[in-house]
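Got a predicted model here, sequence first, then my questions.
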Amino acid sequence: DRQDLAFSQKLNLAKPALLQEHMKKDWRYYQHCGSKGNVWADLHMTPEERRHLIVTPTVLRGYDQQMRTVAKHLHTEQEQAATRMERIVYERQMRRFRLQEQQASREILEIRSSQRPASHHGMPQYESGAHDARPT
């Protein structure tokens, strides 16, 4: 075989055509370049009779697990959103309560400030020696 190769090189004969081996058409062959492993995007590239090569039981199990994981994350996000809304409502109620207290104390102060201050001018004067004596 080696001698035949050396002889054909000397004679400058063209190499016989190699037997072409066809590419194995499994899931890698049908994988779309831009899909980055997204099997469902590869389905439109695959002929109907060869789709079983893409959608295998492993893919279906992975899809089921992915859906359960997504559902769990969505449930967690909804719980967090509900907790956040409850906290916001509580803080708003506390702010309203404090504001009402401030308004009530301000009204009391306004009422007190509008009254005349208590002084000795309006009270009856007693004699200087009889502070303890009060009219009856």
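Everything's here; your move.

Which residues does stretch 66-80 contact?
Outside stretch 66-80, no residue is within contact range by CB atoms under 8 Å, 6 or more residues apart in numbering. For glycine as for every other residue, the C-beta is placed from the backbone atoms N, C-alpha and C.

can you start the count at 25 instead of 1 from here on
Sure, I'll start numbering at 25, so the last one becomes stretch 90-104.

In terms of helices and strands, where is residue 135?
helix 81-138 (DSSP states H and E).

Now do that helix, average pLDDT.
Average pLDDT, helix 81-138: 93.

Buried residues, stretch 70-90. List them.
Of the residues in stretch 70-90, 70, 78-79 count as buried by neighbour count, 16 or more other CB atoms under 10 Å.

Just the terminal-to-terminal distance for that stretch.
Stretch 70-90 has an end-to-end distance of 23 Å (criterion: CA to CA, to the nearest Å).

From residue 129, how far off is residue 78?
Here the criterion is CB to CB, to the nearest Å. By it, residue 78 lies 73 Å from residue 129.

can you check residue 82 too?
70 Å.

before we move on, what about residue 93?
As defined by CB to CB, residue 93 lies at a distance of 54 Å from residue 129.

cool, and residue 30?
From residue 30 over to residue 129 the distance is 111 Å, taken as CB to CB.

can you check residue 123 too?
Distance, residue 123 to residue 129, by CB to CB: 11 Å.

for residue 107, same thing?
For residue 107 relative to residue 129 (CB to CB), the value is 33 Å.

Can you give me the pLDDT of residue 44?
64.

Much appreciated, bye for now.
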